[in-house]
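>>> Need coordinates for the following:
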Amino acid sequence: MEEVVKEYKRAKTVLLTVSPFIGALLNKARVIVTPAVPTAAVDRNNNILINPKFFMNLSEEDRVFILAHEAMHWAFLDPQREQGRDHRAWNVVCDAVNNNALLEVLRPSRALLSGMVTLEKLAEATGVPPSELRNLTKERLYDMLPRVTGQQGNSQDDENSGSADQGGCEGSGQNLPQDEAIGDDLGAPADAAERGEVIQEGSKSIYGNGEKLTPDELREAVKRAVAEAEQFQKMRGTMPAGLQRLVDGLLRPKVPWKTLLRQALKDGLGRTTTQSWKRLTRRHRD
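Purely as a prediction, here's the structure:
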């Protein structure tokens, strides 16, 4: 365990140097070493879980990348945003989006890179150009996956919306590429954290003082952590474009024009018009 902690701290230091944004996020996470996951994962309580044997068998550059990968799942609440979608397909989407953003700042080994799921590989499976996929939220990208099986998707306006009867992608995950190195890192067993040893407690604002936060409280606490990490990064340089898109999607989501149009029609046109029986001035009559 001492060696695991030593190598974890070394990798975190590298991250803080190469990508202050991701390093700052990882520094706020609760990290648990446990044999209950085969590789690494993030559970629904936003704990980062690491299998010690898997971690120690990685090269230093790959340890950095794997920790950054899990920090991305952690920061953008990927386990919580699944919300009834096909689990494997959602995992693939999150891995692809996160990996593409990470590859702008990190360079894993060729072995890790060759088995990594990316938007380019997802483009091959869906027939949609990578340039089109790159600007989509994870939810909207997921809704495009039914093209693989010919099923009908259900696009969501809100990046974080979705429920058990939305998405329409059930079963499509079997036709998609998967990250060979990490596998299913959003599917940690419920008791995985309890079967491990905490090597980093994480921020009290996120994990509470012995009291579990509600989903809404957790979301807001993590959003504050992302905002702080963004400022930390900008104090040391510019934010890479891929990471900035994800941050903006979480902190500054754009309201789709269809949503605005629906709201206007629902409220009724002209409701803000003020009526008066006063005679118009000569200027207005002209």
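
>>> now for the biggest helix by length in the chain, which elements pack on it?
Secondary structure of the chain read by DSSP state H shows that its longest helix is helix 215-234. Secondary structure elements in contact with helix 215-234, counted by 3 or more CB pairs under 8 Å, 6 or more residues apart in numbering; DSSP states H and E, are helix 20-28, helix 60-75, helix 78-81, helix 204-207, helix 241-251. All C-beta atoms are positioned from the backbone trio N, CA, C, and that covers glycine.

>>> I'd like a version of those in JSON lines, one that adds distance to Leu218 and mean pLDDT as further columns.
Shown next, in JSON lines, are these (distance: least, CB to CB, whole Å; pLDDT from 0 to 100):
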{"stretch": "helix 20-28", "distance to Leu218": "12", "mean pLDDT": "96"}
{"stretch": "helix 60-75", "distance to Leu218": "11", "mean pLDDT": "97"}
{"stretch": "helix 78-81", "distance to Leu218": "7", "mean pLDDT": "94"}
{"stretch": "helix 204-207", "distance to Leu218": "7", "mean pLDDT": "90"}
{"stretch": "helix 241-251", "distance to Leu218": "13", "mean pLDDT": "93"}
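
>>> of all those helices, which lies closest to Gln178?
Smallest distance to Gln178 across the helices and strands packed on helix 215-234 (CB to CB): 13.5 Å, for helix 60-75.

>>> Show me which residues of that closest one are buried.
Applying a neighbour-count criterion of 16 or more other CB atoms under 10 Å, one finds 62-75 buried in helix 60-75.

>>> cool, and stretch 197-207?
Judged by neighbour count using 16+ other CB under 10 Å, the buried positions of stretch 197-207 are 199-200, 202-203, 206-207.

>>> In those residues, find the pair that's most separated.
Across the buried residues of stretch 197-207, the longest distance by CB to CB is 16.4 Å; it joins Ile199 and Ile206.

>>> Poorly predicted segments of this structure, please.
Within the chain, the stretches with pLDDT under 70 are 146-175, 210, 255-286.

>>> And the helices in the stretch 101-250 of the chain?
For the stretch 101-250 of the chain, the helices defined by DSSP state H, counting those that start in this stretch cover 110-114, 119-126, 130-134, 138-144, 204-207, 215-234, 241-251.

>>> hmm, who's touching the longest one?
Okay, so that is helix 215-234. Applying CB atoms under 8 Å, 6 or more residues apart in numbering, the external contacts of helix 215-234 come out as 19-22, 24-25, 28, 46, 74-77, 80, 160, 203, 205-206, 213, 239, 243, 247, 250-251.

>>> Could you dump the helices and strands packed on helix 215-234 into a markdown table with distance to Leu102 added?
Below are those laid out as a markdown table (distance: least, CB to CB, whole Å):
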| stretch | distance to Leu102 |
| --- | --- |
| helix 20-28 | 8 |
| helix 60-75 | 5 |
| helix 78-81 | 14 |
| helix 204-207 | 22 |
| helix 241-251 | 8 |
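
>>> For Ala188, find the nearest of those.
Of all the helices and strands packed on helix 215-234, helix 78-81 comes closest under CB to CB, at 8.1 Å.

>>> Does anything pack onto that closest one? Which helices or strands?
Counting by 3+ CB pairs under 8 Å, 6+ apart, helix 78-81 packs on helix 87-102, helix 138-144, helix 215-234.

>>> Burial-wise, tell me which of those comes out on top.
Each of these was scored by mean neighbour count; the highest is helix 87-102, a mean of 25, by mean count of other CB atoms under 10 Å.

>>> got a list of contacts for that one?
Contacts for helix 87-102 (CB under 8 Å, 6+ apart): 22, 65, 68-69, 72-73, 76, 78, 82, 116-119, 121-122, 134, 138, 141-142, 145, 169, 172-174, 176-179, 182, 184-187, 240, 242-243, 245-246.
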